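>>> what's the 3D shape of this:
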Amino acid sequence: MIPQLTSDNENKSKEEEEEVPTTDADATKRKSNAAPVIGLSKAWGEKMCHTTIYNGGKIAMCRGQGTKNLYGYNEMDMEETKTPFMVAICGGDLAIIDATRGIKARTIRAGVTTSAQEEVALETNNDTMDDDMLDIDAIVCFCLSYNDCDLITASRNTTLRQYDLTGRPNVSYKNDNGKGPAIVQRVYGTKTHDSPIKCMEFHKSGAFFASGSVDGTAKVWDH
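All right, here's what the predicted structure looks like:
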């Protein structure tokens, strides 16, 4: 059998005959199946930021259900929900970390910060101080009682302070909204050791705690 040969013009005409005309409905269907075009906003605002929450040293985890009003007093929260938390030294302060979300909720000395700019300003002030202008109230050590409520801090000048972490209005935190610094419940003295305090720990009974300094001295305090 001799094969039939066709010219290019004949092939082109056959392809044109086989093409199916496109209707408006087909075009609309193809557009609906196409990937959507995402338009990015040109204006951005800060919704949440991750800042420094730990500078090294001791970390304490609550042993119970946690504390109330970690982000401030909320009159609408009738159930008084408790939030598990962690405590860690952070830039001369103590960070209270929301253990369920993994973010810093507040600090003992500064309270609840609202933006990254505030966090950077606080950290910069601590980092740029000269030796003659060191923050003598900077927290260098702490201990958390077994009831998750009583917190004792030791500052650079060896002052011991007690705080209440229950979250009770007008007891735990300053300001009407509860977003201010923690309220000092008790001061154990402004010169508790001759050398910087290195370690602290509560007894399981919660009746007393011990502090130790770099010179090897240990002291026990009634709580």
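>>> CA atoms only: put stretch 162-182 into PDB for me.
The C-alpha trace of stretch 162-182 is given here as PDB (Å, rounded to 0.1, in the frame of the first residue of the first chain):
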ATOM      1  CA  GLN A 162       8.500  39.500  98.300                       C
ATOM      2  CA  TYR A 163       5.800  39.600  95.700                       C
ATOM      3  CA  ASP A 164       2.300  38.000  95.400                       C
ATOM      4  CA  LEU A 165       1.500  36.200  92.100                       C
ATOM      5  CA  THR A 166      -2.100  35.200  92.800                       C
ATOM      6  CA  GLY A 167      -3.300  37.900  90.500                       C
ATOM      7  CA  ARG A 168      -5.700  39.400  93.100                       C
ATOM      8  CA  PRO A 169      -6.800  43.000  92.200                       C
ATOM      9  CA  ASN A 170      -5.000  45.700  94.100                       C
ATOM     10  CA  VAL A 171      -2.800  43.100  95.700                       C
ATOM     11  CA  SER A 172      -0.600  41.600  93.000                       C
ATOM     12  CA  TYR A 173      -0.100  44.400  90.500                       C
ATOM     13  CA  LYS A 174      -0.300  48.200  90.300                       C
ATOM     14  CA  ASN A 175      -2.700  50.300  88.200                       C
ATOM     15  CA  ASP A 176      -6.500  49.900  88.000                       C
ATOM     16  CA  ASN A 177      -6.200  47.600  85.000                       C
ATOM     17  CA  GLY A 178      -3.600  45.400  86.700                       C
ATOM     18  CA  LYS A 179      -1.000  45.900  84.000                       C
ATOM     19  CA  GLY A 180       1.500  47.800  86.100                       C
ATOM     20  CA  PRO A 181       4.500  46.500  88.000                       C
ATOM     21  CA  ALA A 182       4.100  43.900  90.800                       C
END
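>>> distance from that stretch to the middle of the chain?
Put simply, stretch 162-182 sits 18 Å off its chain's centre (C-alpha atoms, centre = their mean, to the nearest Å).
>>> and residue 201, that one's in a helix?
No - assigned with DSSP: H, G, I helix; E, B strand; the rest coil, residue 201 falls outside any helix and is strand.
>>> tell me the confidence at it?
Looking at residue 201, its pLDDT is 97.
>>> SS state for the closest residue to it other than its chain neighbours?
Closest residue to residue 201 apart from its sequence neighbours, by C-beta to C-beta, 6 or more residues apart in numbering: residue 143 at 5.2 Å. In this view, the C-beta of every residue, glycine as well, is placed from N, C-alpha and C. What three-state DSSP gives for residue 143 is strand.
>>> how about stretch 84-100: buried residues?
Neighbour-count burial for stretch 84-100 flags 84-98 (criterion: 16 or more other C-beta atoms under 10 Å).
>>> kindly check the end-to-end length of that stretch for me.
Using C-alpha to C-alpha, to the nearest Å, the end-to-end distance of stretch 84-100 comes to 7 Å.
>>> how far off centre is it?
For stretch 84-100, the distance to the chain centre is 8 Å (C-alpha atoms, centre = their mean).
>>> quick one: average pLDDT of it?
Stretch 84-100 shows a mean pLDDT of 94.
>>> residues contacting it, please?
The contact list for stretch 84-100, computed with C-beta atoms under 8 Å, 6 or more residues apart in numbering, reads 52-62, 65-67, 70, 83, 103-110, 122-123, 126-127, 135, 137-142, 144, 151, 153, 156, 165.
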